[in-house]
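[1] my questions are about this predicted structure, shown below with the sequence.
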Amino acid sequence: MQYWLLKSEPSVYSIAQLAALPGQTDSWDGVRNYQARNLLRDQMRCGDQAFFYHSNTKIPGIVGIVQVVREGYPDATAFNPQSPSYDPKSHADAPRWYSVDVHLLRQLRRTITLAELKAHADKLADFPLLRRGNRLSVLPVTAEQWHFILALE
DNA sequence: GCCAACGTTGGC
DNA sequence: GCCAACGTTGGC
């Protein structure tokens, strides 16, 4: 099993929205970066777990844990002209963008903030989220990083 | 709102 | 294929 971190701006899609769904399961869609797309399409497996990270908000940080319940499939929002993520260059017979489905395992008892993660830069030296200029919205997390971060909770 | 960092686009 | 211009991300 592998571990990941999934970023979302809470003003666009928050963990509360996922938690409010009947099955607490939803598609993770709208990713429009090729490197992140490749991870969604090729690397993420059913059973993998991921941190749900709130970005571009007052207190950015990790707010919950989700599990992959459906592996990469074409992102339907790319085909939908009504969607803000619509991409006319993505076609059903040659999809450009991919989604996975995630199920909420639990919300954290408190947010593990970005500031707090940075304070542990010694332990998290290779954590991609802390790398300069990082903008990827899907990031791999090592088992060691995963357990260290969860222990902060 | 600012701005650094980075990805994408498109002319050549 | 190069690279300048532009758009986006995302912390602060």
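    Perfect, I can see it now.
[2] which residues touch A:T113?
    A:I59, A:P60, A:G61 (Cβ atoms under 8 Å, 6 or more residues apart in numbering). (Each C-beta comes from the backbone N, C-alpha and C, glycine too.)
[3] ditto for A:H120
    Contacts of A:H120 by Cβ under 8 Å, 6+ apart are A:F148, A:L152.
[4] and stretch A:39-58, how far apart are its ends?
    Distance across stretch A:39-58, first residue to last, is 28 Å (Cα to Cα, to the nearest Å).
[5] buried residues in it?
    For stretch A:39-58, burial by neighbour count (16 or more other Cβ atoms under 10 Å) applies to A:L39, A:L40, A:R41, A:M44, A:D48, A:Q49, A:A50, A:F51, A:F52, A:Y53, A:H54.
[6] burial count for the residue lying closest to A:D75 once chain neighbours are set aside?
    The shortest distance from A:D75 to any non-neighbouring residue, by Cβ to Cβ, 6 or more residues apart in numbering, is to A:W97 (4.0 Å). Neighbour count for A:W97, taken as other Cβ atoms under 10 Å: 24.
[7] then the one 5 residues further on?
    A:V102: 25 surrounding residues under other Cβ under 10 Å.
[8] ok, now which ones touch A:V63?
    Residues counted as contacts of A:V63 (Cβ under 8 Å, 6+ apart) are A:I15, A:F52, A:Y53, A:H54, A:Q107, A:L108, A:T111.
[9] repeat that for A:N56.
    Contact analysis of A:N56 by Cβ under 8 Å, 6+ apart lists A:E9, A:S11.
[10] from A:K118, how far out is it?
    Computed with Cβ to Cβ, to the nearest Å, the distance linking A:N56 and A:K118 is 17 Å.
[11] just the CA coordinates of the stretch of helix or strand A:R109 belongs to, formatted as CSV?
    In this assignment (DSSP states H and E), A:R109 forms part of strand A:98-113. The C-alpha trace of strand A:98-113 is given here as CSV (Å, rounded to 0.1, in the frame of the first residue of the first chain):
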residue,chain,number,x,y,z
TYR,A,98,-8.1,11.3,-14.9
SER,A,99,-9.8,10.9,-11.5
VAL,A,100,-9.8,8.4,-8.7
ASP,A,101,-12.6,7.9,-6.2
VAL,A,102,-11.8,8.4,-2.5
HIS,A,103,-13.7,7.4,0.6
LEU,A,104,-13.3,9.4,3.8
LEU,A,105,-11.8,7.3,6.5
ARG,A,106,-11.8,10.0,9.1
GLN,A,107,-11.3,13.7,9.8
LEU,A,108,-8.3,14.6,12.0
ARG,A,109,-9.1,15.6,15.5
ARG,A,110,-7.2,18.8,14.7
THR,A,111,-5.6,20.3,11.6
ILE,A,112,-1.9,19.4,11.3
THR,A,113,-0.8,22.8,9.9
